[in-house]
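Student: Got a predicted structure here, sequence first:
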Amino acid sequence: MHTLAPAILADLVRRHGQPDTVQLTWPITDTEAQFIRSTQKGGRRAHDVTLFIFGPDDHIALIQKHNYPDGVWRNPGGGVNPGEDVVAGARREALEETGLTVTVERYLLRVHVSFVAPHEDAIAWVTHVFTARTPDPECAPQDTREIRSCGWFALADLTGPIRQAILGAPGRLFRYRAWLHDACAAALAGGRPPTPEPYQT
């Protein structure tokens, strides 16, 4: 399984600050577990980066995938490839999903999550969240096979109407995403992440 060596994590902290760190167990369905495994490149990928990209007016860039229900948006990001620098991977994902050239700034949050399904082995995963900034005023996905749309939103949209749309969408992985958005908004405000239980019911 692809894991980040302590020296790599220490270098990320040195360059981008100490993130809040959270450990979670998150219930998912068997189908969702199979989906996660399908993204792991034969078990070689167990990390992703998520980006809060702030534009010139301090709105954040959000993306929609083709299979997302109406009203559901999320922060851009994706898997870190084995041997790939985490920050380079973050910039790559930003460009592919939003068309934006970004400068990675703050290491905001590190989430160690164990996804647990009824009839599947637990899946260990780590989400690394960074803030980033771009001078580009317009976003448009380069990877249009995966990404349907990109747009600019206020942070209050992410934790308000978009949050409600995510919580109303089918699947427990969407609920993890809603928790992650709220946890990041809390970290940006200097607070602590919310407890996960209300999101898991």
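Tutor: Received, thanks.
Student: who's in contact with stretch 156-175?
Tutor: With CB atoms under 8 Å, 6 or more residues apart in numbering as the test, stretch 156-175 has contacts from 26-29, 32, 35-36, 60, 62, 68-75, 153, 177-178, 181-182, 185, 199-200. Every C-beta, even on glycine, is put in place using the N, C-alpha and C of the backbone.
Student: Mind listing what's buried along that stretch?
Tutor: Under the neighbour-count criterion of 16 or more other CB atoms under 10 Å, stretch 156-175 has 157-159, 162-163, 165-166, 169, 172-175 buried.
Student: circling back to that earlier point, mark which of the contacts of stretch 156-175 are buried, thanks.
Tutor: Counted by 16+ other CB under 10 Å, the contacts of stretch 156-175 give 26-29, 32, 36, 60, 62, 68, 72-75, 177-178, 181-182, 185, 199 as buried.
Student: among these, which are in helices?
Tutor: Counting by DSSP state H, those place 32, 36, 177-178, 181-182, 185, 199 in helices.
Student: Report the lowest-confidence entry in the residues you listed.
Tutor: Looking at these, model confidence by pLDDT dips furthest at I36: 93.
Student: State the number of residues packed around the nearest residue to that residue once chain neighbours are set aside.
Tutor: The shortest distance from I36 to any non-neighbouring residue, by CB to CB, 6 or more residues apart in numbering, is to I123 (5.4 Å). Neighbour count of I123, defined by other CB atoms under 10 Å: 20.
Student: all numbers from here: first residue = 830
Tutor: Fine by me, first position is 830 from now on; the one you just mentioned is I952.
Student: Doesn't T1024 belong to a helix?
Tutor: No: with DSSP: H, G, I helix; E, B strand; the rest coil as the criterion, T1024 is assigned coil and is not in a helix.
Student: What pLDDT is listed against it?
Tutor: On the pLDDT scale, T1024 is placed at 96.
Student: what's around E913, how many residues?
Tutor: E913 has 16 neighbouring residues, counting by other CB under 10 Å.
Student: For it, report the pLDDT, please.
Tutor: 83.
Student: And G872, by the same measure?
Tutor: As predicted, G872 sits at a pLDDT of 70.
Student: ok, now how distant is it from P911?
Tutor: Counting by CB to CB, to the nearest Å, the gap from G872 to P911 is 10 Å.
Student: Of these two, which one has the most company?
Tutor: Taking neighbours as other CB under 10 Å, G872 and P911 compare with P911 leading, 13 against 10.
Student: Okay, now the unreliable bits of the protein?
Tutor: For the chain, the stretches with pLDDT under 70 are 830-832.
Student: Spatially central, which residue of it would that be?
Tutor: The centre of the chain sits closest to T879, judged by CA atoms, centre = their mean, with a distance of 3.2 Å.
Student: beta partners for that one?
Tutor: For T879, the beta-bridge partners under DSSP bridges are G906, V958.
Student: Also F944?
Tutor: W855, I952.
Student: That one contacts W954, correct?
Tutor: Yes: counting by CB atoms under 8 Å, F944 touches W954, with 6.2 Å between them.
Student: what do those two both touch?
Tutor: Common contacts of F944 and W954, defined by CB under 8 Å, 6+ apart, comprise I865.
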